[in-house]
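# what's the 3D shape of this:
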Amino acid sequence: MSNYQLIVIGSGAAGMMAAITAAREGKRVLLLEKLSKIATKLKATGGGRCNLTNTLDNETFMQHFGRDGRFMAPALEAFEHKALIAFLEEIGVESHAPDGFRVFPVTHSSSTIIDAMSQEMQNLNITVRCASKVLSLEYDTDKITGVQTQTESFHADAVILATGGKGYPMLGAEGDGYPMAASVGHKVTELYPAMMPLKVKETWVENCRADTIAKVTMHVDMKKYKKLSATGDLIFTKDGIRGPVVLDFSREITPLLSRYDEVPILLNFTKGMNEEQIRQHFKKALEKNPHQTTLELLLTLLPESVSLELCKIAKVDPALSLARQKGASRDKLIRLLVWTPLTINGHDGFKMAMITRGGIHLKEIDPYTMQSRRIKGLYFCGEIVNLDGPCGGYNLQWSFASGHLAGKLRK
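Next comes the predicted model:
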């Protein structure tokens with residue numbers, strides 16, 4: 001049996017940050033990774049560009065995680081985005097925020113982050129063991145004593161679970177940490193795939209795959225859930241929708257799909273314009289060119305593929321002028337421009353999910369230390385806990401901040 005002061009399970013952003021923090025404080029650290037390489041999922045983050053964090057203040061940042069966001073306050077106070085940027089600079093990674101909000105390494109490559117953190121772990125003499133799948137935690141009555149892998153036991157007074165969620169299982173995220181936590185009395189909430197494309201019942205979306213629509217607003221068209229909404233860029237797929245707004249909104253939709261076969265939504269493709277604003281827009285356009293067809297008018301607002309599909313739904317002839325359309329069809333077209341209905345009826349599960357919604361119950365974790373309230377010496381960080389945020393560097397910042405706090409090994 002090998003002895004360490006800390007064992008970190010998982011080599012993502014949270015796990016590496018926890019290991020580095022502990023080693024910098026003089027701890028003898030072992031990092032165990034079940035795959036043959038470290039940080040496989042981090043390498044794929046943001047299409048490999050690695051949106052590390054964002055420039056929001058802590059209060060606003062936490063609000064984007066919903067009602068449980070305040071759990072993050074101690075971790076962010078100790079390691080918010082400025083501290084993360086400073087840490088990365090210290091280990092040789094320059095970063096920038098090209099749009100003033102999202103922060104990337106200047107290389108726009110996740111490999112830059114992984115290489116620098118790997119080198120720092122080497123500098124700190126952290127033992128990294130890949131292809132080492134942890135099977136179980138070892139413990140006595142009230143405290144952790146180590147872990148058991150497929151081949152051997154390792155002893156430590158502290159273990160950090162940084163195993164992530166269940167999204168992208170081909171990159172190692174298979175939810176390994178949940179049964180380990182449950183084995184020592186922790187509750188795991190319902191788990192849902194999140195940050196992923198969604199499928200819809202309507203077939204017309206297939207004809208619109210070539211176009212991206214900016215600043216689309218969508219909300220759930222169910223009385224009980226009407227407040228659920230999101231805004232951002234949308235892309236149509238062969239059988240559904242994707243894009244930043246869909247990735248964000250899927251966090252709300254996948255739990256609903258577990259209860260209902262279908263979830264009706266409404267989408268505004270006209271940057272928030274209402275019926276009167278659209279009529280005024282068309283009126284001004286016609287003043288400049290009275291001979292425009294309905295399609296030409298629609299092209300001032302939408303791509304051609306979407307315009308043609310909305311004409312079909314409204315039973316409008318795109319080649320005729322708007323004035324020559326039947327009144328009911330013209331009114332329907334304008335209503336569709338304000339709110340186009342779609343029916344979400346599925347998704348591809350965890351294999352296409354970037355993150356997991358749900359995780360270790362927050363009430364069983366001390367937010368000031370990230371230590372378990374169930375057993376001494378067990379700590380958590382990153383996606384394994386019941387916190388998930390939208391696109392835009394939120395989840396990676398939480399991983400780094402919680403990893404930093406857990407790595408302090410405060411009692």
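# Now do the end-to-end distance for stretch 204-223.
26 Å (CA to CA, to the nearest Å).
# Tell me which residues of that stretch come out buried.
Buried residues in stretch 204-223, counted by 16 or more other CB atoms under 10 Å: 204-205, 208, 213, 216-221. The way it works is simple: take the backbone N, C-alpha and C, and place the C-beta from them, glycine included.
# again with stretch 256-273
256-257, 263, 265-270, 273.
# ditto for stretch 232-240
Buried, per 16+ other CB under 10 Å, within stretch 232-240: 232, 234-237, 239-240.
# From the chain's centroid, how far away is that stretch?
17 Å (CA atoms, centre = their mean, to the nearest Å).
# hang on, the earlier thing: tell me the two of the buried residues of stretch 204-223 that are most distant?
C208 and V220 (21.5 Å; CB to CB).
# Buried residues, stretch 135-155. List them.
137, 139, 144-147, 149, 154-155.
# Could you spell out which stretches of this protein belong to which domain?
Domain segmentation of the chain under automatic domain parsing yields 2-189+359-407, 197-347.
# Return the most buried member of these.
Mean neighbour counts were taken over the domains of the chain using mean count of other CB atoms under 10 Å, and the top value, a mean of 20, falls to domain 2-189+359-407.
# Can you check the distance spanned by that domain, start to finish?
Start-to-end, domain 2-189+359-407 (CA to CA) is 20 Å.
# Ok, stretch 198-206 next?
13 Å.
# what about the helices in the stretch 101-250 of the chain?
110-123, 177-183, 244-257 (DSSP state H, counting those that start in this stretch).
# can you tell me which of these comes nearest to L171?
helix 110-123 (11.9 Å).
# elements contacting the closest one?
Judged by 3 or more CB pairs under 8 Å, 6 or more residues apart in numbering; DSSP states H and E, the packing partners of helix 110-123 are helix 13-24, helix 40-44.
# Present these as CSV; the columns should include mean pLDDT and distance to C391.
Output for those, formatted as CSV (pLDDT from 0 to 100; distance: least, CB to CB, whole Å):
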stretch, mean pLDDT, distance to C391
helix 13-24, 98, 16
helix 40-44, 89, 14
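# Make a markdown table from those helices and add distance to A323 to it.
Shown next, in a markdown table, are these (distance: least, CB to CB, whole Å):
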| stretch | distance to A323 |
| --- | --- |
| helix 13-24 | 58 |
| helix 40-44 | 52 |
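# Please narrow the buried residues of stretch 232-240 to those residing in strands.
232, 234-236, 240 (DSSP state E).
# Greatest separation within the residues you listed: which pair is it?
G232 and G240 (15.8 Å).
# Tell me who's in contact with K288.
Residues near K288 by CB atoms under 8 Å, 6 or more residues apart in numbering: none.
# With N345 instead?
Contacts of N345 (CB under 8 Å, 6+ apart): 199-201, 257, 261-263.
# run the last query once more with 6 Å
By CB atoms under 6 Å, 6 or more residues apart in numbering, the contact list for N345 reads 199, 201, 262.
# Next up, phi/psi of it, please.
Taking degrees, to the nearest 10, you get phi -130, psi 10 for the backbone angles of N345.
# Look up how far G167 lies from it.
21 Å (CB to CB, to the nearest Å).
# With A86 instead?
In terms of CB to CB, A86 sits 29 Å off from G167.
# ok, of the buried residues of stretch 135-155, which one's closest to I334?
Nearest to I334 among the buried residues of stretch 135-155, with distances taken as CB to CB, is L137, at 60.7 Å.
# ok, now how distant is the residue lying closest to the closest one once chain neighbours are set aside from I144?
Leaving aside its chain neighbours, L137 sits nearest to M180 (5.2 Å; criterion: CB to CB, 6 or more residues apart in numbering). Separation of M180 from I144 (CB to CB): 11 Å.
# re the thing from before, include pLDDT when you put the buried residues of stretch 204-223 into CSV, please.
Shown next, in CSV, are those (pLDDT from 0 to 100):
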residue, pLDDT
W204, 98
V205, 97
C208, 96
I213, 96
V216, 97
T217, 97
M218, 97
H219, 97
V220, 98
D221, 98
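# could you pull out the strands for the stretch 151-300 of the chain?
153-156, 159-161, 192-194, 198-200, 212-220, 229-236, 240-242, 263-268 (DSSP state E, counting those that start in this stretch).
# S132: which of these is closest?
That would be strand 153-156 among the strands of the stretch 151-300 of the chain, by CB to CB, at 9.0 Å.
# How far away from the center of its chain is that closest one?
33 Å.
# re the thing from before, which among the contacts of N345 gets closest to L247?
Nearest to L247 among the contacts of N345, with distances taken as CB to CB, is K199, at 14.2 Å.
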